[in-house]
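Trainee: dropping a prediction and its sequence here:
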Amino acid sequence: MVRTFVLADLITLGNAFCGTGAVLASMSYVASSDRGSVWAALVLLPLALVCDALDGAVARWRRRSSPLGADLDSLADIVSFGVAPAALGFALGLRGGWDSVALCFFVACGISRLARYNVTAAALSDESGKVKYYEGTPIPTSLALVLVLGIAFAQGAVGDALWLGHMTLGPFDFHPLTLMYVASGALMVSTFRIPKP
């Protein structure tokens, strides 16, 4: 299988590597409270975005793609821009029962959005094969959530000090800040048309 990889595929795997590293760094913070782990996650996720942008550019430049390219890209994206931001949110204090439901909803929306894109890309393409627009916000827009969390972390607004506090709703705790994940997920599965550059 490795022999079928082209340079763009290796860059895509770099995206997945960065996303997985961010998940592990978030877990390390939960286990050790080492602030360096969060900073590592906050650096790795933008690096994942760089890889996500570069893989397509390299494939076009080299005029070589592999049969695995599109699937590799989607799988890497769900790790880096779905699971990793959710793990980071959990690590920084979104740990109530309702928070977990919201974070799972966000990841499920990201998976659904990528699946819809893969299924409809051919139908949305123009004569050159380029997709004209995105339906729903692209999953890398979840880095806006990471930015918010990064600012909160830098200001010490994590754990019990999270912005907007928390409340108990029925059997579970809920942090209103988690609603930004719900909004992001809903926008990903929306039918808004966003022109693709």
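Mentor: Now that the structure is in, tell me what you want to look at. Residues are numbered from 1 along each chain as shown.
Trainee: in the protein, which spans are helices?
Mentor: Under the criterion DSSP state H, the chain contains helices at 7-32, 35-62, 69-78, 84-91, 97-124, 143-154, 179-188.
Trainee: relative to Asp173, which of these is closest?
Mentor: With C-beta to C-beta, the closest approach to Asp173 among the helices of the chain belongs to helix 97-124: 6.4 Å. All C-beta atoms are positioned from the backbone trio N, CA, C, and that covers glycine.
Trainee: angle of that closest one against helix 69-78?
Mentor: Relative orientation of helix 97-124 versus helix 69-78 (axes from the mean of the first three to the mean of the last three C-alpha atoms, to 10 degrees): 160 degrees.
Trainee: buried residues in helix 97-124?
Mentor: 98-100, 102-103, 105-107, 109-111, 113-114, 117 (16 or more other C-beta atoms under 10 Å).
Trainee: what's around the closest residue in space to Leu42 that isn't next to it in sequence, how many residues?
Mentor: Of all residues not flanking Leu42 in the chain, Gly150 sits nearest, at 4.8 Å (C-beta to C-beta, 6 or more residues apart in numbering). The local packing of Gly150 (other C-beta atoms under 10 Å) involves 20 other residues.
Trainee: hmm, back to that, would JSON lines of the helices of the chain with distance to Thr168 and mean pLDDT be doable?
Mentor: As requested, the helices of the chain are arranged in JSON lines below (distance: least, C-beta to C-beta, whole Å; pLDDT from 0 to 100):
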{"stretch": "helix 7-32", "distance to Thr168": "22", "mean pLDDT": "93"}
{"stretch": "helix 35-62", "distance to Thr168": "26", "mean pLDDT": "88"}
{"stretch": "helix 69-78", "distance to Thr168": "31", "mean pLDDT": "87"}
{"stretch": "helix 84-91", "distance to Thr168": "18", "mean pLDDT": "98"}
{"stretch": "helix 97-124", "distance to Thr168": "9", "mean pLDDT": "90"}
{"stretch": "helix 143-154", "distance to Thr168": "21", "mean pLDDT": "97"}
{"stretch": "helix 179-188", "distance to Thr168": "16", "mean pLDDT": "97"}
